[in-house]
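Colleague: got a sequence here, can you model it:
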Amino acid sequence: MLLYIHGFNSSPQSDKAALTNAYLAQHFPTLHVEFPQLPTTPAAAMTLLTAKVEAAIADGEPLRFIGSSLGGYMASYLVEKYGGKAVLVNPAVKPYELFDEYLGEQTNPYTGEVYQLLPEHQQQLYAFDTQVIFKPDRFFVLLQSGDEVLDYRQALNKYHCCKMLIEAGGNHSFEGYGDKLAEVCRFLCLS
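Modeller: From the prediction side, this is the model:
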């Protein structure tokens, strides 16, 4: 199974998810791929992701993840807990700290869902923190220094022992992501 985990206030309808889905459908049409719409609370999102991972394990499927931003944070937790391999795209490192500026009413631009981001959600996120990466060979991290949302140096520091692709410039969406999908799939051993 390959599980694509979108970021904060994002969706399986995002550009990266759509590019990933199209590429996988063309090159790996028989691969079990899931693009879940995550619930708005971190605990509920992780409950959903954990259920999908445990079902894949029960079916004997290898675990593979692509996580973008907050999805990269969650993918790190899942790989460290359950195994598998992950590609992290401009991953969040300490999202529970960043949420201070987002507390209050939020609207997901893809789904239109309106919800409240509360301090308890920061605590939920903290519970999934992987402060140390114990299995660095399981991660491939894509970073662009021009990320306007996250300080790429935090991810550079946390994942320094992992395979990395670091590009100058770019943005949080990771410009040119589609051009990296062949390398992403090679790392995830899809071919």
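Colleague: only C-alpha atoms from now on, for both contacts and neighbour counts.
Modeller: OK.
Colleague: which helix or strand in the protein has the lowest average pLDDT?
Modeller: helix 95-98 (a mean of 94; mean pLDDT, DSSP states H and E).
Colleague: give the buried residues for that one.
Modeller: Pro95, Tyr96 (16 or more other Cα atoms under 10 Å).
Colleague: and it, what does it pack against?
Modeller: helix 119-126 (3 or more Cα pairs under 8 Å, 6 or more residues apart in numbering; DSSP states H and E).
Colleague: for the very next helix or strand once past the helix it packs on, give the mean pLDDT please.
Modeller: Downstream of helix 119-126, the first helix or strand assigned by DSSP states H and E is strand 139-144. Across strand 139-144, pLDDT averages out at 98.
Colleague: what's the burial count for Ala25?
Modeller: 13 (other Cα atoms under 10 Å).
Colleague: what do you get for Pro91?
Modeller: 30.
Colleague: so it sits in a strand?
Modeller: No. Going by DSSP: H, G, I helix; E, B strand; the rest coil, the assignment for Pro91 is coil, not a strand.
Colleague: so what's it up against?
Modeller: Applying Cα atoms under 8 Å, 6 or more residues apart in numbering to Pro91 gives the contacts Gly67, Ser68, Ser69, Leu70, Gly71, Gly72, Tyr73, Val141, Leu143, Ala155.
Colleague: would you list these in CSV and tack on neighbour count?
Modeller: Putting the contacts of Pro91 into CSV (neighbours: other Cα atoms under 10 Å) gives the following:
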residue, neighbour count
Gly67, 26
Ser68, 28
Ser69, 24
Leu70, 25
Gly71, 24
Gly72, 26
Tyr73, 26
Val141, 23
Leu143, 26
Ala155, 20
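Colleague: quick one: pLDDT of the closest residue in space to Gln131 that isn't next to it in sequence?
Modeller: The shortest distance from Gln131 to any non-neighbouring residue, by Cα to Cα, 6 or more residues apart in numbering, is to Lys158 (7.7 Å). Note on Lys158: pLDDT of 97.
Colleague: next one: Gln131
Modeller: We have a pLDDT of 89 for Gln131.
Colleague: give me the phi and psi for it.
Modeller: Main-chain torsions, Gln131, degrees, to the nearest 10: phi -70, psi -30.
Colleague: avg pLDDT for stretch 113-120?
Modeller: The model assigns stretch 113-120 a mean pLDDT of 96.
Colleague: do you have the helices of the protein handy? List them.
Modeller: For the chain, applying DSSP state H gives helices covering 15-27, 42-58, 70-82, 95-98, 119-126, 152-158, 181-187.
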